[in-house]
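Trainee: Could you work out the structure for the sequence below:
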Amino acid sequence: MRVITGIARGRRLVAPEGMDVRPTADKVKEAVFSAIQFQIDGAEVLDLFAGSGQMGIEALSRGAKHAVFIDSSNKALRCVHENLRNTGFERCSEVVSRDSYDYIKLTASTFDIIILDPPYRHSHIHNILPFAAKKLRDGGCIICEYEAEAEEPAAPEGMQLRKTYHYGKINVTIFIKPDPEEVAEE
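Mentor: Okay, here's the model as predicted:
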């Protein structure tokens, strides 16, 4: 596992061991970031269920301004800290030991990009997506990664489905929150 491109390109990342964590494959990560490439520069990113933190770190490497990493696993958080140290992104990030549901429900912060890559087979995407949508800024996007057998999540109120990508055993759905100013200009 590595950072694909940007200022930390090629840096190796560590991941927690065990069945609970399955890092996003490089080809999936590349496709996701290609799809949102024009939304990354200067973005505030939330990486919920962070695991190794590789998705938020990829966003930082590609020009995001700041990233918040949330996970309740101490093993995962140790990896996030190590990966941030190894890539030099400690100063533009925050790592929070907290349940992802508690964080998204209670935070006053809003974000330009929210990454939802929870453990599979638990309906987390469907349950947490409405809360995430409320923390998304106009013009922002939510990236949902889930197992291919799962039902595609529905667009939360005020959001639009951009596209769903299929990669073998993994699906990625991207939702966008239209910017009212851009819609008015059209």
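Trainee: So what touches the helix or strand where residue 70 lies?
Mentor: Residue 70 is part of strand 66-71, with elements assigned from DSSP states H and E. The contact list for strand 66-71 (Cβ atoms under 8 Å, 6 or more residues apart in numbering) reads 44-51, 53, 56-57, 59-60, 77, 80, 84, 89, 92-98, 100, 103-104, 109, 111. Glycine gets a C-beta too; all of them are placed from N, C-alpha and C.
Trainee: List the buried residues of the longest strand belonging to the chain.
Mentor: Longest strand in the chain, counting residues (DSSP state E): strand 136-147. Under the neighbour-count criterion of 16 or more other Cβ atoms under 10 Å, strand 136-147 has 136, 140-146 buried.
Trainee: Show me where the chain has its strands.
Mentor: Going by DSSP E, the chain shows strands at 44-48, 66-71, 93-97, 111-116, 136-147, 160-167, 170-176.
Trainee: Pull out the buried members of the contacts of strand 66-71.
Mentor: 44-51, 53, 56-57, 59-60, 77, 80, 84, 89, 93, 95-96, 100, 103-104, 111.
Trainee: just the angle between the strand holding residue 70 and strand 93-97, please?
Mentor: Going by axes from the mean of the first three to the mean of the last three Cα atoms, to 10 degrees, strand 66-71 is angled at 20 degrees with respect to strand 93-97.
Trainee: mind listing what strand 66-71 pairs with, with the direction of each?
Mentor: strand 44-48 (parallel), strand 93-97 (parallel) (DSSP bridges).
Trainee: which residues sit against the longest helix anywhere in the chain?
Mentor: Determined from DSSP state H, the single longest helix within the chain is helix 74-87. Outside helix 74-87, the residues that touch it by Cβ under 8 Å, 6+ apart are 3, 8, 11-18, 21, 50-54, 57, 60-61, 69, 71, 90, 93, 95, 97.
Trainee: returning to what we had before: will you turn the strands paired with strand 66-71 into JSON lines that also has distance to residue 131?
Mentor: Listed next are the strands paired with strand 66-71 as JSON lines, based on distance: least, Cβ to Cβ, whole Å:
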{"stretch": "strand 44-48", "distance to residue 131": "10"}
{"stretch": "strand 93-97", "distance to residue 131": "16"}
